[in-house]
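Engineer: Generate coordinates for the sequence data below:
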Amino acid sequence: MKKAICFLLGLLLGLQVFSQNKKDLVYFTTGLKIGEVTENSAVIWTRLCSQPLPNPITHQRKKAPYRAPLKYKNNQPVDELDGEVSGAFGEVKVKLISKNHQVELDWEFVSSLKDYTFKKAIKNLEPNTTYKVEILGRKHTRIRKKDKVTKPKKTSTKIVGQFTTAPSKNDIVPVFFTSSTCQYFWDYDDEKRGFKIYDAMKKLQPNFHCQTGDFVYYDKPGPMALNIAQARMKWHAINAWPASVDFYNNVPLYLQKDDHDLLSNDSYPGMQPFGEITYKDGLSIWYEQAPLVGKPYRTFRWGKDVQIWLLEGREFRSPNHLKDGKDKTIYGEEQKKWFAKSVKKSDATFKLFVSATPVVGPDRVSDKSDNHANIAFKKEGDWLRKFLKKHDMFVLNGDRHWQYVSKDTKTGLMEFSQGPSSDAHAQGWSPDDKKPEHKFLRVAGGFLGVKVYREKGKPTIEFIHYDVDGNEVNKEVVKK
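Structural biologist: From the prediction side, this is the model:
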């Protein structure tokens, strides 16, 4: 009897210890992101979480396009929403390890003020070097007891990834990167993994990835993001898909925002709030969740043959409804001057303009007025197309929910539209409506790949459209 009682007491004690330890655990459920990679720097982003898996999906979805959840109650507590991942107060520590170099940061606290996110720019890295990323996390209650601060919990969690820094600007090396846009959480096409494109792109082993906006959709159901907590939840859910975690843990990211990542459709400074979210709130959340620091317009060099420009199309624009003229702008004068100067200074073989919105189009005439392919911004659009063509640039654009290759009938400027991240999100254009500008048209989901290499010393660039499964559906080849 004594042995039985001791066994039961031991079992109960063991369960209590297990329960206590479980409460002490933290996780990196929403993964990590490696942003803004140059030849000697990178931005590391992650978020400390209190649960190992996101909340399960319990709602059925309507038919495509936009497979919004059925019978969804927008006023549910945020921590009960499908896909939500709660954050955790604690500390984060980052290590970057290469064959000959190691960078180790001190432990740093994360808290609810910035949604338990961690973001740090790391410099003095070596060019064209592969770094292993190790991020440790631990819970910390920081409760004072009689003027003594409690020690951090010993239990820690770890997430790992890797990336390779950019080559030096004069190095002649092959480069391959991918680009995608428009991913509404509820238009996922793999019930376990999330979006198929991420697994398909990972197999291609890109040097880096450009995501050109509409990473989340505040103004689509599931929930409608009518307050800050709901807006943040949208990021948690989209980031926690396993395919996204596996991809971004291992592929550097250049992220741009578009209207749905900021507030609501066609958003611009001074726009009325969406629910309880102001324009400034949306901007603050964006910089909290995005793996970038500094100005939102920037350029990156990948060796002798590749340079990309990522311009900012929401922070400096004029209201869409204003009459077009010389002062109406999407980019603002400061950004335009910087862009023109940096392009003229560049000696890269191939110059690529990565845009969250179309420049060539054609776009829908009846209901769109917020990009350079629309007459609402025609004056600046005419300048931009002439400038890009003069400097022998190519446009990679997001925002449109169909894939295409277009050639401007006036300037000859070529534009490559990535298409949405899933077939369920494709809409807005008829596959039979092929315009003179179209060299390729496909109203379906997928992504774009860009391959740059030298063949017998001759620089070559390939623009490859893929479907959601990674099958090639079109290729344009340009030789210098």
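Engineer: quick one: secondary structure of the residue nearest to P296 when sequence neighbours are not counted?
Structural biologist: Nearest non-adjacent residue to P296, counting by CB to CB, 6 or more residues apart in numbering: E312, 4.0 Å away. For glycine as for every other residue, the C-beta is placed from the backbone atoms N, C-alpha and C. Here E312 is recorded as coil under DSSP: H, G, I helix; E, B strand; the rest coil.
Engineer: Confirm for me that E312 is in contact with Y331.
Structural biologist: Yes. Using CB atoms under 8 Å, E312 is in contact with Y331, at 7.2 Å.
Engineer: what about those two, which has more around it?
Structural biologist: Neighbour count, other CB atoms under 10 Å: between E312 and Y331, Y331 has more, with 21 against 18.
Engineer: And what about the spatially closest residue to K119 that is not a sequence neighbour, helix, strand or coil?
Structural biologist: Among residues not flanking K119 along the chain, W45 sits closest, at 4.8 Å (CB to CB, 6+ apart). Secondary structure state of W45, per three-state DSSP, is strand.
Engineer: any idea how far Q102 is from W45?
Structural biologist: 20 Å (CB to CB, to the nearest Å).
Engineer: just T46 next, same as before
Structural biologist: Distance, T46 to Q102, by CB to CB: 19 Å.
Engineer: of the two, who's got more company?
Structural biologist: Using other CB under 10 Å, the more surrounded residue of T46 and Q102 is T46, with 27 against 11.
Engineer: So for that one, what's the pLDDT?
Structural biologist: T46 is assigned 98 on the pLDDT scale.
Engineer: Now for the closest residue in space to it that isn't next to it in sequence: which residues touch it?
Structural biologist: Residue nearest to T46 in three dimensions, not counting chain neighbours: L32, with 4.3 Å by CB to CB, 6+ apart. Residues in contact with L32 (CB atoms under 8 Å, 6 or more residues apart in numbering) are 44-46, 133, 135, 159, 161, 248-249.
Engineer: Which positions in the helix or strand containing G381 come out as buried?
Structural biologist: For G381, the element it lies in under DSSP states H and E is helix 378-390. Across helix 378-390, burial judged by 16 or more other CB atoms under 10 Å covers 379-381, 384-385, 387-389.
Engineer: Can you classify G270 by secondary structure?
Structural biologist: Strictly by three-state DSSP, G270 counts as coil.
Engineer: That one: neighbouring residues, count only.
Structural biologist: The tally of other residues near G270 (other CB under 10 Å) stands at 8.
Engineer: now do G470
Structural biologist: Using other CB under 10 Å, G470 has 17 neighbouring residues.
Engineer: same deal with F28?
Structural biologist: Neighbours of F28 using other CB under 10 Å come to 22.
Engineer: Quick check: the nearest residue in space to it that is not next to it in sequence vs E437, distance?
Structural biologist: Among residues not flanking F28 along the chain, I159 sits closest, at 3.9 Å (CB to CB, 6+ apart). Taking CB to CB as the measure, I159 falls 45 Å from E437.
Engineer: Repeat that for N207.
Structural biologist: 30 Å.
Engineer: more crowded one of those two?
Structural biologist: Looking at N207 and E437 with other CB under 10 Å, you find the greater number of neighbours at N207, namely 22 against 18.
Engineer: Tell me the pLDDT of D24.
Structural biologist: For D24, the predicted pLDDT is 82.
Engineer: you'd agree it is up against K139?
Structural biologist: Yes. D24 is within contact range of K139, at 5.3 Å (criterion: CB under 8 Å).
Engineer: Which residue of those two possesses the greater neighbour count?
Structural biologist: K139 (21 against 17).
Engineer: Please report phi then psi for the more buried one.
Structural biologist: phi -80, psi 150 (degrees, to the nearest 10).
Engineer: Let me see the ranges of the strands in the stretch 101-250 of the chain.
Structural biologist: 102-104, 108-110, 117-122, 130-139, 144-145, 148-149, 156-164, 175-180, 208-211 (DSSP state E, counting those that start in this stretch).
Engineer: quick one: which of the ones you listed is nearest F195?
Structural biologist: strand 175-180 (8.7 Å; CB to CB).
Engineer: sorry, back to before: ok, the residue nearest to K119 - contacts?
Structural biologist: Neighbour list for W45: 32-35, 117-119, 290-291 [criterion: CB under 8 Å, 6+ apart].
Engineer: how about a cut-off of 10 Å?
Structural biologist: For W45, the contact set (CB atoms under 10 Å, 6 or more residues apart in numbering) comprises 30-36, 117-120, 135, 239, 248, 253, 255, 288-293.
Engineer: chain center to stretch 428-447: distance?
Structural biologist: Remark: stretch 428-447 is offset 24 Å from the chain centroid, using CA atoms, centre = their mean, to the nearest Å.
Engineer: cool, and stretch 456-469?
Structural biologist: Its chain's average C-alpha position is 22 Å from that of stretch 456-469, according to CA atoms, centre = their mean.
Engineer: Was I right to think E472 contacts F463?
Structural biologist: No. Using CB atoms under 10 Å, E472 is not in contact with F463; the gap is 11.2 Å.
Engineer: The two: which has the busier surroundings?
Structural biologist: Applying other CB under 10 Å to E472 and F463 shows that F463 carries more neighbours, namely 22 against 11.
Engineer: Please name the bridge partners of L253.
Structural biologist: Bridge pairing for L253 (DSSP bridges) gives the partners G35, H209.
Engineer: okay, it: pLDDT?
Structural biologist: 98.
Engineer: can you tell me which residues contact it?
Structural biologist: 33-37, 43, 45, 163, 208-211, 247, 290-292 are the contacts of L253 under CB under 10 Å, 6+ apart.
Engineer: Do me a favour and average the pLDDT over stretch 293-311.
Structural biologist: 98.
Engineer: now the end-to-end length of that stretch.
Structural biologist: End-to-end distance of stretch 293-311 (CA to CA, to the nearest Å): 14 Å.
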